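Q: Got a predicted structure here, sequence first:
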Amino acid sequence: MRAETAAEPLAGDLGKPRNAFIAPARTAARWISRRLLPARAGQRLYDTLRGGYGYLFRRGILIASVVYDTRRFIRWSFALRKPRTRAQQRAFLTMKYHTFEKGLALPQPRPGFGQDRLAELLSVLVPYERRFGCDEVVAVCVKALAAYQAFNADHGVRSADLDALLDGYLAKHPQLAQPGEGGTKPVTRDGITRAAAVDFESFVLHRHSIRDFASKPVDRAQIAAAVRLAQRSPSVCNRQAGRVHVYDDASRIGELLRYQSGNRGFGHIVPALCVITADLQVFASPGERFQGWIDGGLFAMTLIYALHAQGLGSCCLNWSVTLDIDKPMRRAAGIADNELVIMMLAVGHLPETLRVACSPRKPLDEVLVYHEARP
């Protein structure tokens, strides 16, 4: 059994920057109000000043945290410059080849569509392949372009330059001739509906936030299987920003949970801890500045359901923190600066019996809104 004190928050340490900033101001306000003014007026002035300094402090922390997030987005995305790192170029290629996959999946694709996107893709694909060789992104690009070229050929549209490029890649990398993913694939309504014929309502209603875990360790293979399913989560242009850092050592779990205030009373019995992140290097425009939380949230929810499907319990631990907590936690966790921390997730086996919070939901009419046609 782990010592409960290992999961206690660092209340004193994390509060030091705030106390050092605000304590002198409060001391001065107290002295002025008590020494220079009548008691009642002095107390009112002190209360006003105390509230004002608190507001200014919270506002300062908010501004500093927004600047911190913005700087990291600018530093690691390619929103303001061409993709430079290998990860950025992979994201760019994924975004562009997925354009052709989406176009080919339309009910009636237009022959020859996407010529401007093709030029953008090739401007990065050609130097990328020369530098890094034929990795999985190059392979998918080639297969998507081959599907695009085949569709165009069936409709009397051909590109001799693209034919030459694809032939060159096939000659240089014979493995590209093997079957693989890229382009589109046929599916049927019957196949989809038969595979989806599960009692999803019961599945969802029996998933709870678990704060009482059995002492049995979590098999890493189970977590890997769940993460593999979480990779199927939707993401912007299939760029797949989601990442998972897993900790199953008691001392490391305790160290990290000291930075998170929502695990009191059960953090010391958490068998495995996941920190879910999003890689900022996959985002391509200022409009995607919040996309990490969106894609990371979708990834996290699929992971939670995948763990539930294996009989594992989990509890979401929010990471809504300011920079003075985010920085030391990511250092302790060994999380790179280019990754945006989305949340923590406590994971473990269920005990035979336990209690869970009822957590009643709002009435449906507070959540669901239908919009009728305009008159």
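A: Everything's here; your move.

Q: in the stretch 201-350 of the chain, which spans are helices?
A: Taking DSSP state H, counting those that start in this stretch as the criterion, the stretch 201-350 of the chain carries its helices at 220-230, 250-257, 291-309, 323-333.

Q: Break down this protein into its strands, ranges please.
A: In order along the chain, the chain carries the following strands (DSSP state E): 242-247, 272-279, 312-318, 339-349.

Q: thinking again about what came up before, export the helices of the stretch 201-350 of the chain as a markdown table, with columns for mean pLDDT.
A: Formatted as a markdown table, those follow (pLDDT from 0 to 100):
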| stretch | mean pLDDT |
| --- | --- |
| helix 220-230 | 98 |
| helix 250-257 | 98 |
| helix 291-309 | 98 |
| helix 323-333 | 96 |
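
Q: tell me the most buried of the strands of the chain?
A: strand 272-279 (a mean of 25; mean count of other CB atoms under 10 Å). In short, each C-beta sits where N, CA and C put it, glycine included.

Q: Would you mind identifying the helix or strand in this structure with the lowest mean pLDDT?
A: The weakest-scoring helix or strand in the chain, judged by mean pLDDT, DSSP states H and E, is helix 11-35 (a mean of 49).

Q: coming back round to it: save the helices of the stretch 201-350 of the chain as CSV, and put in mean neighbour count too.
A: Listed next are the helices of the stretch 201-350 of the chain as CSV, based on neighbours: other CB atoms under 10 Å:
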stretch, mean neighbour count
helix 220-230, 16
helix 250-257, 20
helix 291-309, 20
helix 323-333, 16
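
Q: now those helices in a markdown table, with distance to residue 198?
A: Listed next are those as a markdown table, based on distance: least, CB to CB, whole Å:
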| stretch | distance to residue 198 |
| --- | --- |
| helix 220-230 | 14 |
| helix 250-257 | 33 |
| helix 291-309 | 10 |
| helix 323-333 | 35 |
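
Q: can you tell me how far the residue nearest the centre of the chain sits from residue 54?
A: The chain has residue 296 as the residue nearest its centroid, 1.9 Å off, counting by CA atoms, centre = their mean. To residue 54, residue 296 is 31 Å away according to CB to CB, to the nearest Å.

Q: got a list of what residue 341 touches?
A: Each residue near residue 341 by CB atoms under 8 Å, 6 or more residues apart in numbering is listed here: 275-277, 319, 326, 329-330, 335.

Q: go with 7 Å
A: 275, 277, 319, 326, 330, 335 (CB atoms under 7 Å, 6 or more residues apart in numbering).

Q: Setting the sequence-adjacent residues aside, check what's closest to residue 166.
A: Nearest non-adjacent residue to residue 166, counting by CB to CB, 6 or more residues apart in numbering: residue 146, 5.8 Å away.

Q: Same question for residue 218.
A: Using CB to CB, 6+ apart, the nearest residue to residue 218 is residue 272, at 4.2 Å.

Q: OK, contacts around the one you found?
A: 218, 223, 246, 248, 347-348.
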